[in-house]
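**Student:** quick one: sequence and predicted model below, then my questions.
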Amino acid sequence: MKDHQEINKTRIPNLFYQTEMNGDWMNYGPPTAPEYYVRVWKRMYTIMKQYSPSTKIVWSPNFDLKPGNTEYWPGTDYVDVVGTSVYWKGFGYNNPMPPSYVSDSMATVYNEYAKVYQKPFVISECSAAWESGSGSNPGTGQTFASVTSSIDQVGFQKSFWTEVLSTKLLDSYPLLQAAYIFEDAKQEEFWTDFRVTNDTAVRTMFMGLIDTLDATGRMKWANPLTTTTTTTTTTTRAVSTAVATVISTTTKSGSFIASLGSSALALLACLL
């Protein structure tokens with residue numbers, strides 16, 4: 001808690017707490033009773049605000065929360081920001097994402113919570129899941145000796161990020177303020193690579209999409225931050241989160257890419 005108090009002196013942190021609570025892959029998700037989740041959430045919120053009042057606390061179910069399902073909602077007085085996770089997965093097939101998939105996936109949580117209660121909205125986690133190796137589809141039980149790809153990894157990731165980094169999405173969801181990349185590769189149903197930084201061609205494509213959106217004036221980057229070392233004082237451009245720091249190099253997108261490293265989550269940028 002002391003760390004949050006120190007951060008509050010210079011910037012406003014976002015706290016993501018027990019996200020995707022409607023997913024049975026979380027130990028606090030089903031079959032845990034939603035009523036228990038809500039009680040714990042309210043207690044956490046009350047304590048956090050007592051010690052770190054400016055921290056913004058993000059309530060973020062998985063995108064497949066059923067329309068009209070309010071059993072996980074702690075109430076507008078206990079939520080500062082609404083978010084949701086959005087991933088594109090083919091479960092054995094690397095195919096292009098349908099053009100409106102991100103928008104359609106956000107719609108329920110955005111419209112029933114962020115819009116109704118006029119809360120800022122974020123995409124709490126997102127990326128396209130490039131699969132390889134053997135695995136299975138958890139929905140159908142079908143097993144695969146290998147993944148079938150109708151597109152290369154650049155086109156696959158581009159189909160996802162073109163929608164996220166579009167003025168159309170921002171115009172359709174005016175409360176959307178930020179998106180967070182799940183910048184990781186790990187074993188899931190298949191070996192799954194969510195990253196946009198590991199492959200040179202994917203990275204170049206992604207930086208181009210960032211620069212294109214930035215040119216429209218719809219991205220907000222951090223203000224200059226002065227940092228002091230034992231020998232020199234330098235001015236850099238930085239964005240700090242709990243998991244990543246963005247430091248400017250020659251371009252804003254280059255700065256962002258250079259900062260990701262092995263972080264599992266990284267702030268993409270504030271979207272306007």
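**Tutor:** In hand now; what should we look at?

**Student:** could I get the buried residue list for stretch 17-28?
**Tutor:** 18-22 (16 or more other C-beta atoms under 10 Å). In short, each C-beta sits where N, CA and C put it, glycine included.

**Student:** if you could redo that for stretch 74-94, that was the one I meant.
**Tutor:** The neighbour-count check on stretch 74-94 (16+ other C-beta under 10 Å) flags 74, 78-92, 94 as buried.

**Student:** do the same with stretch 130-142
**Tutor:** 130-131, 135, 137.

**Student:** how about low-confidence regions in the stretch 1-150 of the chain?
**Tutor:** Low-confidence segments of the stretch 1-150 of the chain (pLDDT under 70): 1-11.

**Student:** now do the stretch 151-272 of the chain
**Tutor:** 222-272.

**Student:** switch the cut-off to 90
**Tutor:** Scanning the stretch 151-272 of the chain for pLDDT under 90 picks out 214, 217-272.

**Student:** for it, which segments count as helices?
**Tutor:** Assigned by DSSP state H, counting those that start in this stretch, the helices in the stretch 151-272 of the chain fall at 153-164, 167-172, 200-214, 252-260.

**Student:** closest to Glu183 out of those helices?
**Tutor:** helix 252-260 (5.1 Å; C-beta to C-beta).

**Student:** ok, back up a step: in a markdown table, list the buried residues of stretch 17-28 along with distance to Arg195.
**Tutor:** Below are the buried residues of stretch 17-28 laid out as a markdown table (distance: C-beta to C-beta, whole Å):
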| residue | distance to Arg195 |
| --- | --- |
| Gln18 | 25 |
| Thr19 | 20 |
| Glu20 | 20 |
| Met21 | 26 |
| Asn22 | 26 |
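
**Student:** closest to Phe160 among those?
**Tutor:** The closest of those to Phe160 turns out to be Glu20 (C-beta to C-beta; 18.6 Å).

**Student:** pull the longest helix from this protein.
**Tutor:** Looking across the chain with DSSP state H, the single longest helix is helix 34-51.

**Student:** I'd guessed Val86 sits against Asn62; true?
**Tutor:** No. Judged on C-beta atoms under 8 Å, Val86 makes no contact with Asn62 at a distance of 9.0 Å.

**Student:** contacting residues around the nearest residue to Lys66 once chain neighbours are set aside?
**Tutor:** Counting by C-beta to C-beta, 6 or more residues apart in numbering, Thr108 is the residue found nearest to Lys66 once chain neighbours are left out, at 7.7 Å. For Thr108, the contact set (C-beta atoms under 8 Å, 6 or more residues apart in numbering) comprises 63, 65-67.

**Student:** element containing Thr108, please.
**Tutor:** Using DSSP states H and E, the element containing Thr108 is helix 101-109.
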